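> need a 3D model of the following:
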Amino acid sequence: MISIPSALRTQLDERLTDKAIPKKTHWLYIKWLRYYLDFCRKDSLPESNRESLTPFLRKLEEKKQTKAQQLHAADVIELYYDIIGDKPYTAEISSRPKTISDYNPKYRKNKPTKIVNKSGNSADEPHDTAYQSHQTKRTGNVSWQAEYTRLANEIQVRHYSPKTLKTYRGWVQKFQSFIKSKSPELISTGDVKEYLTFLAVKRKVAVSTQNQAFNALLFLFRHVLGKEFGKVDGIVRAKQKPYIPVVLSREEIDKILIYLSPPYDLVVKLLYGCGLRLSECLNLRVHCFNFDTSVLTVHDGKGKKDRTVPLPQTIAPDLRTHLESVRDLHQQDMNRDYGGVFLPNALEEKYKNAPKEIVWQWFFPAIQLTYVEKADEYRRYHLHETHVQKAVRQAARTACIAKRVSPHTFRHTFASHLLQANFDIRTIQELLGHSDVRTTMIYTHTVKSVTIKEAKSPLDF
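Numbering: from 1, shown residues only. The predicted structure follows:
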């Protein structure tokens, strides 16, 4: 199959990035373009001519490809036409392996057969249904790039987390695909109603997933499009059912810690000992620890709120030892003249030397440095969340814990064990950083009640 020259691939990546297409999905677009160019070569069709797209989409339909896949293929081929203009691609082909398996071994199980136009129709005939639908989508609507830019701006101005931006942008992209890229000026609450119904009936998504999609589209309407969302008649918003979190016993926690190697064991001890969220724990920096007063300060927690929690005395020696290893690693980085750590927002512009100061270093630094292409330098990020998640799951399996254990389970256990020790619910709320005490009240279902339930008058006490 035809290989794509690096120059063309770079241009295509840039176009996809401008369209807010996630980088990790670019390979799908490259795959369709390679299939199209190979099809044109085998059937002697002009690959730079838009009329060649009709028989290609017809062939995809014969191969039982879905309409969504056909439109996906048409998208990237239209981008290819825009890039090359009238310049034929044939002269730019560097090498053509005989088979797709020669080009990439992972496609060996899906080796394509020779494409033959069984319909007998020529490329000059009218476009098929899939292509007409694609052309309607392209010619009748505008690009959503401005909306994605405004979405990012609105989220950042409210200081929402990058995860919120990623989640909302993902739902907007799915909604855009569902309505076939209709112009943002023409979309209405009826489109939202159809999409939410589609999620519930066809996709059979969970309640929380449907509500998350609703919140993302509500944000899109109010803050990006400047429209009133109105009442979505005909569809009932699913309500979250009461959720009872998984709680571990102290013995089960000790078993899991046995099978955790540093620094993951120390991460789990902070999750359980301080009731931290995983993101809060990994975002800790050196200056967050006050060993003199045994206080840990959590900066920019959920909702950009700060709070303090007691530092467990039993792990203080381990924390000090780990801090010394962080100092040694920082000194090694300084000797290699690295760029420092990543800082939030525009803090680096205010404090130029802060990225290289020890107080701003991550308490749980990543193993490898991250290369920043624009600045042409290496910087250090904190330990990645997925590494901790995998380590916890593996340790729970090895310890034969018959429960669904994740890093967040230790936060649930922290609250449950405090409640079991008769700590006040308001105190637990402040330690967890909950805005509403009703959120904390869920932990009353995770511990056994020790109150007297028999009705009795206090005069009879």
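
> domain parsing for this structure?
For the chain, automatic domain parsing gives the domain ranges 6-139, 145-224, 246-461.

> which of these sits closest to residue 230?
domain 145-224 (5.0 Å; Cβ to Cβ). C-betas here are computed from N, CA, C, even on glycine.

> any idea how far the closest one is from the chain center?
Computed by Cα atoms, centre = their mean, to the nearest Å, the chain-centroid distance of domain 145-224 equals 15 Å.

> what mean pLDDT does that domain have?
The pLDDT scores in domain 145-224 average 89.

> that one: end-to-end distance?
12 Å (Cα to Cα, to the nearest Å).

> and what of stretch 267-282?
Start-to-end, stretch 267-282 (Cα to Cα) is 8 Å.

> for it, buried residues please.
Buried residues in stretch 267-282, defined by neighbour count with 16 or more other Cβ atoms under 10 Å: 267-278, 280-282.

> how about residues contacting it?
253, 256-257, 260, 284, 296, 298, 301-302, 309-312, 314-315, 318, 362, 364, 382-385, 388-389, 392, 407-408, 410-411, 413-415, 418, 431-432 (Cβ atoms under 8 Å, 6 or more residues apart in numbering).

> and the buried ones among the residues you listed, selectable in ChimeraX?
In ChimeraX, a selection of the buried entries from the contacts of stretch 267-282 looks like this (16+ other Cβ under 10 Å):
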select :253,256,257,260,284,296,298,301,309,311,312,315,362,364,382,383,388,392,407,408,410,411,413,414,415,418,431,432
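
> so which of the contacts of stretch 267-282 are in helices?
If you go by DSSP state H, the contacts of stretch 267-282 have 253, 256-257, 318, 385, 388-389, 392, 407-408, 410-411, 413-415, 418, 431-432 in helices.

> helix or strand for residue 26, which one?
Assigned by DSSP states H and E, residue 26 belongs to helix 26-42.

> hey, C-alpha coordinates of that helix in PDB?
Taking Å, rounded to 0.1, in the frame of the first residue of the first chain, the C-alpha atoms of helix 26-42 are listed here in PDB:
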ATOM      1  CA  HIS A  26      -5.100  11.100  13.400                       C
ATOM      2  CA  TRP A  27      -4.000   7.700  12.400                       C
ATOM      3  CA  LEU A  28      -7.600   6.800  11.400                       C
ATOM      4  CA  TYR A  29      -7.600   9.700   8.900                       C
ATOM      5  CA  ILE A  30      -4.200   8.600   7.500                       C
ATOM      6  CA  LYS A  31      -5.600   5.100   7.100                       C
ATOM      7  CA  TRP A  32      -8.500   6.300   5.000                       C
ATOM      8  CA  LEU A  33      -6.300   8.400   2.800                       C
ATOM      9  CA  ARG A  34      -3.900   5.500   2.200                       C
ATOM     10  CA  TYR A  35      -6.900   3.300   1.200                       C
ATOM     11  CA  TYR A  36      -8.100   5.900  -1.200                       C
ATOM     12  CA  LEU A  37      -4.800   6.500  -2.900                       C
ATOM     13  CA  ASP A  38      -4.300   2.700  -3.200                       C
ATOM     14  CA  PHE A  39      -7.800   2.400  -4.700                       C
ATOM     15  CA  CYS A  40      -7.000   5.100  -7.300                       C
ATOM     16  CA  ARG A  41      -3.700   3.500  -8.200                       C
ATOM     17  CA  LYS A  42      -5.200   0.100  -8.800                       C
END
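
> following it, which helix or strand comes up?
Per DSSP H and E, the first helix or strand lying C-terminal to helix 26-42 is helix 53-62.

> tell me which residue is most central in this structure.
residue 166 (5.6 Å; Cα atoms, centre = their mean).

> can you give the contact residues for the host helix or strand of that one?
According to DSSP H and E, residue 166 maps onto helix 162-178. Outside helix 162-178, the residues within contact range by Cβ under 8 Å, 6+ apart are 20, 68, 144, 147-148, 151-152, 155-156, 191-192, 194-195, 198, 212-213, 216-217, 219-220.

> select from those residues every entry located in helices.
Going by DSSP H, the helices hold 68, 147-148, 151-152, 155-156, 191-192, 194-195, 198, 212-213, 216-217, 219 from the contacts of helix 162-178.

> tell me who's in contact with the closest residue to residue 364 other than its chain neighbours.
Distances taken as Cβ to Cβ, 6 or more residues apart in numbering place residue 383 nearest to residue 364, at 4.3 Å, with adjacent residues excluded. When contacts are counted by Cβ under 8 Å, 6+ apart, residue 383 touches 263, 267, 282, 362, 364, 365, 366, 367.

> tell me which of the residues you listed is nearest to residue 57?
Of all these, residue 57 sits closest to residue 366, with 44.9 Å by Cβ to Cβ.

> quick one: the closest one is in a strand?
Yes. Judged by DSSP: H, G, I helix; E, B strand; the rest coil, residue 366 forms part of a strand.

> and it, how far is that from residue 400?
Note on residue 366: its distance to residue 400, by Cβ to Cβ, to the nearest Å, is 31 Å.

> compare neighbour counts for the two and give me the winner.
residue 366 (16 against 8; other Cβ atoms under 10 Å).

> and for the residue lying closest to the more buried one once chain neighbours are set aside, the neighbour number?
Closest residue to residue 366 apart from its sequence neighbours, by Cβ to Cβ, 6+ apart: residue 381 at 4.7 Å. Residue 381: 14 surrounding residues under other Cβ under 10 Å.

> how near is residue 381 to residue 342?
From residue 381 to residue 342 the distance is 6 Å (Cβ to Cβ).

> circling back to that earlier point, now do the helix holding residue 26, average pLDDT.
Mean predicted confidence for helix 26-42 is 82.

> how far does that helix sit from its chain's centre?
For helix 26-42, the gap between its own C-alpha mean and the chain's C-alpha mean amounts to 28 Å (Cα atoms, centre = their mean).

> go on, stretch 209-228?
Worked out by Cα atoms, centre = their mean, stretch 209-228 lies 18 Å from the chain centre.

> just to revisit the earlier point, may I see the buried residues of the helix holding residue 166?
Using 16+ other Cβ under 10 Å as the test for burial, helix 162-178 gives 164, 167, 168, 169, 171, 172, 173, 174, 175, 176.
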